[in-house]
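Colleague: Pasted the sequence and its predicted model underneath.
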Amino acid sequence: MSQATRVHLGASSLELLARSDTAEFIHPSWMHLGDPPNYEARSDTGTLKSRARAWAKRLLRRGGVAAEGDPALYARTNFRPWMFTKGDRLPFEDSSIGFIYSEHVFEHFRYDILTDLLAESLRVLKPGGVIRTVVPDADYRTYEKPEMSGYPNPSMAFSHPNKHKIRWNNYLLAQTLKFVGLEPKSLVWCDEDGRFIAENPAEAYRGRKVADAEMVYTLRYVQRKKSLIVDGLKVT
């Protein structure tokens, strides 16, 4: 079993993070679970916008290294190739993890598999542990157009790993976290009237005991801050 106390779910392309965030995520407290580095294949099947973003970061050398999968970066991380299917378990002991983070990953899971993954997250979180979920606010967002139907390509099969299989909004995500036994706490979202709401995490958790305040009280490491961000707290 890993001695990590923080888990990054769906971690891939660490070199495309801003340098300051790369430094944050290579801290030895993290275990990164994700796809093996595969920049070209992922870019070729993404949208024009996502391909342009990745290309620009590489051109400007804003990532931690110049090329995908550079062993100098990945050797400094606790990185493990990972997939999650029905019946799988996370590779951690019960109540051993203080913080779980996932950014723009949960929209790629089938709903029944995602609820299994959240239930596993509940199992491994310490009392006061938090899972922070960052996903596209598919329909209610007003800071950009709603997500197109069948994103990123309507003709792409739903079995494709890049396909968005769930259209998240604040109400659905919060209810899903509650369904598996976590206490939801919305931080950034648009409501059904289109109002954009952003809470300061430190204020949102005022008076609550959390297992990893250093990560819970800030959003500094979130790459796409104009997203739907909802936490699930394991109540003590």
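Modeller: Thanks, I have it. Numbers count the residues shown, from 1 in each chain.
Colleague: In this structure residue 5 contacts residue 93, no?
Modeller: No: proximity of residue 5 to residue 93 does not meet the contact threshold set by Cβ atoms under 8 Å, at 11.3 Å. For every residue, glycine as well, the C-beta is placed using N, CA and C.
Colleague: Between the two, which is the more surrounded one?
Modeller: When residue 5 is set against residue 93 and neighbours are counted by other Cβ atoms under 10 Å, the residue ahead is residue 5, at 19 against 11.
Colleague: report the longest helix in the protein, please.
Modeller: The helix of greatest length in the chain, counted in residues with DSSP state H as the criterion, is given as helix 111-124.
Colleague: How about residues contacting that helix?
Modeller: 7, 9, 84-90, 92-97, 100, 106, 109, 131, 165-166, 176-177, 179-182, 232, 234 (Cβ atoms under 8 Å, 6 or more residues apart in numbering).
Colleague: how about it as PDB, C-alpha atoms only?
Modeller: Coordinates of each C-alpha in helix 111-124 appear next as PDB, following Å, rounded to 0.1, in the frame of the first residue of the first chain:
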ATOM      1  CA  TYR A 111     -22.700   7.100 -14.200                       C
ATOM      2  CA  ASP A 112     -22.900   3.700 -12.500                       C
ATOM      3  CA  ILE A 113     -19.200   3.300 -12.600                       C
ATOM      4  CA  LEU A 114     -18.700   6.800 -11.300                       C
ATOM      5  CA  THR A 115     -20.900   6.200  -8.300                       C
ATOM      6  CA  ASP A 116     -18.800   3.100  -7.500                       C
ATOM      7  CA  LEU A 117     -15.700   5.200  -7.700                       C
ATOM      8  CA  LEU A 118     -17.200   7.800  -5.400                       C
ATOM      9  CA  ALA A 119     -18.200   5.000  -2.900                       C
ATOM     10  CA  GLU A 120     -14.600   3.800  -3.000                       C
ATOM     11  CA  SER A 121     -13.400   7.400  -2.400                       C
ATOM     12  CA  LEU A 122     -15.600   7.500   0.700                       C
ATOM     13  CA  ARG A 123     -14.100   4.300   1.900                       C
ATOM     14  CA  VAL A 124     -10.500   5.400   1.700                       C
END
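Colleague: Now the element after it, going C-ward?
Modeller: Counting by DSSP states H and E, the element after helix 111-124 in chain order, helix or strand, is strand 125-135.
Colleague: what packs against that next one?
Modeller: With contacts taken as 3 or more Cβ pairs under 8 Å, 6 or more residues apart in numbering; DSSP states H and E, strand 125-135 sits against strand 97-103, helix 170-179, helix 213-216, strand 228-233.
Colleague: Strand partners (parallel or antiparallel) of the following helix or strand past the longest one?
Modeller: So the one you mean is helix 170-179. In the C-terminal direction, the helix or strand that comes right after helix 170-179 (DSSP H and E) is strand 183-190. Each strand pairing with strand 183-190, determined using DSSP bridges, is listed with its direction: strand 196-198 (antiparallel), strand 228-233 (antiparallel).
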